[in-house]
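> Give me a 3D structure for the following:
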Amino acid sequence: MKALKIIAIVILALIAIPLILALFIPRDYAVQRDIVINKPKTEVFDYIKHIKNQDTYSVWNMADPAKKTTFTGTDGTEGFIYRWNGNDKVGEGEQEITKIIDGKRIDMDLRFKRPFESNGNAFMSTEEAQGGTKVTWGMQGHNSYPMNFMNLFMEGMVGDAIGQNLNNLKNNLEK
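Numbers count the residues shown, from 1 in each chain. Here you go, the predicted structure:
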């Protein structure tokens, strides 16, 4: 009986600690990475503004090659929507181009439906640097309590994935 009490206390503590910590964790997150690609800025921007091209360098898009995708609008223009529905690893959601500053920046809304509902924003920007093009990829969002506990891990989880995406992009464009 004493062992059952100890197990119950441990289980309750494991549940309570994240919930208590989440009270003190910011609800907003922002993650950003950059890389220099040895190609002209125009060539790099013209490639990244087309969301369908992310299928060739985004670890998220490549995680389920059999995912179902649908599109609304013209890729590379404001209002284009890329929808996906895949396995448990990639889930379901959509990405919409909300603003383009030609040659400089593309802003996107992210709307996730599965495995959990969440909204965020992402951007990709380009600028001339070191004889090539510096590409910056950022993502930000808001997680309500208690999901904001996950914000402790966003820098690592999302940041590492963005870094890998940028390395893949660099390798693809520099071939």
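
> most residues in a single helix of the chain, which one?
helix 151-174 (DSSP state H).

> what packs against it?
In this structure, helix 151-174 packs against strand 28-37, helix 41-48, helix 59-62, strand 132-142, with contacts taken as 3 or more Cβ pairs under 8 Å, 6 or more residues apart in numbering; DSSP states H and E. The way it works is simple: take the backbone N, C-alpha and C, and place the C-beta from them, glycine included.

> distance between the helix or strand hosting Gly120 and the chain's centre?
According to DSSP states H and E, Gly120 maps onto strand 118-129. Mean C-alpha position of strand 118-129 versus that of the full chain (Cα atoms, centre = their mean, to the nearest Å) differs by 10 Å.

> what helices or strands is it leaning on?
When contacts are defined as 3+ Cβ pairs under 8 Å, 6+ apart, strand 118-129 packs onto helix 41-48, strand 105-114, strand 132-142.

> try 10 Å
The contact analysis (3 or more Cβ pairs under 10 Å, 6 or more residues apart in numbering; DSSP states H and E) places strand 118-129 against strand 28-37, helix 41-48, strand 92-101, strand 105-114, strand 132-142, helix 151-174.

> mind putting these in TSV, mean pLDDT, mean neighbour count and distance to Lys5 included?
Supplementary listing: these in TSV, determined by pLDDT from 0 to 100; neighbours: other Cβ atoms under 10 Å; distance: least, Cβ to Cβ, whole Å:
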stretch	mean pLDDT	mean neighbour count	distance to Lys5
strand 28-37	94	18	38
helix 41-48	97	18	57
strand 92-101	97	17	42
strand 105-114	96	16	38
strand 132-142	94	19	39
helix 151-174	91	16	30
